[in-house]
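A.B. asks: need a 3D model of the sequence below.
(one chain, ligands or ions: 1)
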Amino acid sequence: MIVVSTANGTAGIREAMAVLRDGGSALDAVEAGTRRVELNARDHTVGLGGLPNILGEVRLDASIMDGHTLRAGAVGSVRGILHAVTLARRVMEQSPHVLLVADGAERFAREIGMAEQDLLTEQAAARWRERLANRQPPVDPDGIAGRDRLLELVGDARDSMRGWDPAGTDAPHGTVNFLALDGGGNLASAVSTSGYPWGYPGRLGDSPIIGAGGYADNRWGAAASTGTGEVVLRTLTTRSVVLYLRTGMTLDQAMRAALSDLGALNDPLAGHVAVIALTPSGRHAGYAYRSGEHYVYLDGAMAEPEIAAMVQMRL
Ligand code: ASP
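C.D. replies: Modelled structure (predicted):
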């Protein structure tokens, strides 16, 4: 048994492993690990403390997949539900659907009794105000009201999308990824994010899209991604990793092939993507176009998680 996560998953990887050690499933483990990160208000990329979109709304995306049954659940652009990953799992288990978004996902959360709470922390709100104050001309979100306010802020988002450079952004972006292999040989994936800070209202990235942000199939492997969803959505990177494994490629060959597909888009946004993967035999890897990326893993025989460097790909 083993759990693999993005570096910010360090906050939850022990919980995930505790679930496996107690005989829990890979699905339970990835959910438990992700929930711990969603609670971490210091992580401005996920759950509580996540940075808002340009309107100042924290909107969460999450997905989960069971490699045994290939069932999956996801939510996009959800407000006020701290544990978006659990809502994604409920969509999978308590609805006939795979993906619910925005008002409908929030309605479903209320109907199944999930608590609502304000996820915009003071620190996250302060960064949003600072972002608006630093634009030319500056915007004071309290000084404009109603529809004018909306139009002004959305205009700002349109400006910031021109020549969008995630590396040049003034705020952190990211996502948490968890992959797990349980004692019964089952794989699972989970992904949760607050998306790109100051994003255009309604923008969805790769995280809630099965096969883009995450994918798990007991027969071949599991994978999950972080970075610019706009390119991952175009090559369905995590499903690609799994399909490449199915062709008989080694894990390294499959990762290289899937990341090369991103590189072949000839889009500089591919330079921000990082992918982790786990095979049914417990082999794991991380590949990234970003430099200096790391991921974390903890297997059943280890007392503490280890950090591993991702293999760096070049565009
Ligand atoms: N993949 C996320 C998104 O596109 C953001 C990130 O991981 O940085 O929303």
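A.B. asks: okay, now Gly202: neighbour count?
C.D. replies: 12 (other Cβ atoms under 10 Å). Quick note: C-beta positions are derived from backbone N, CA and C, even for glycine.
A.B. asks: kindly apply the preceding question to Gly282 instead.
C.D. replies: Gly282, neighbours per other Cβ under 10 Å, totals 15.
A.B. asks: any idea whether it is helix, strand or coil?
C.D. replies: The three-state label given to Gly282 by DSSP: H, G, I helix; E, B strand; the rest coil is coil.
A.B. asks: write out the residues of this protein neighbouring the ligand.
C.D. replies: Residues of the chain lying near the ligand by Cβ under 6 Å from any ligand atom: 173-175, 193, 195-196, 205-207, 226-229.
A.B. asks: okay, and which of these map to strands?
C.D. replies: Thr193, Thr226 (DSSP state E).
A.B. asks: following the helix or strand bottoming out on mean pLDDT in the chain, which helix or strand comes up?
C.D. replies: One helix or strand of the chain scores below all others by mean pLDDT, DSSP states H and E: helix 146-161, with a mean of 65. Per DSSP states H and E, the first helix or strand lying C-terminal to helix 146-161 is strand 176-181.
A.B. asks: each with direction, which strands does that following strand pair with?
C.D. replies: strand 2-6 (antiparallel), strand 187-193 (antiparallel) (DSSP bridges).
A.B. asks: save the ones you listed as CSV, and put in mean pLDDT and mean neighbour count too.
C.D. replies: Below are those laid out as CSV (pLDDT from 0 to 100; neighbours: other Cβ atoms under 10 Å):
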stretch, mean pLDDT, mean neighbour count
strand 2-6, 98, 29
strand 187-193, 98, 32
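A.B. asks: including distance to Glu116, could those go into JSON lines?
C.D. replies: Shown next, in JSON lines, are the strands paired with strand 176-181 (distance: least, Cβ to Cβ, whole Å):
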{"stretch": "strand 2-6", "distance to Glu116": "27"}
{"stretch": "strand 187-193", "distance to Glu116": "17"}
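A.B. asks: need the contact partners of the strand or helix carrying Arg127.
C.D. replies: If you go by DSSP H and E, Arg127 is part of helix 122-133. Contacts to helix 122-133, defined as Cβ atoms under 8 Å, 6 or more residues apart in numbering, come from residues 41, 44, 49-52, 56, 58, 138-141, 153, 156, 170-171, 197-198.
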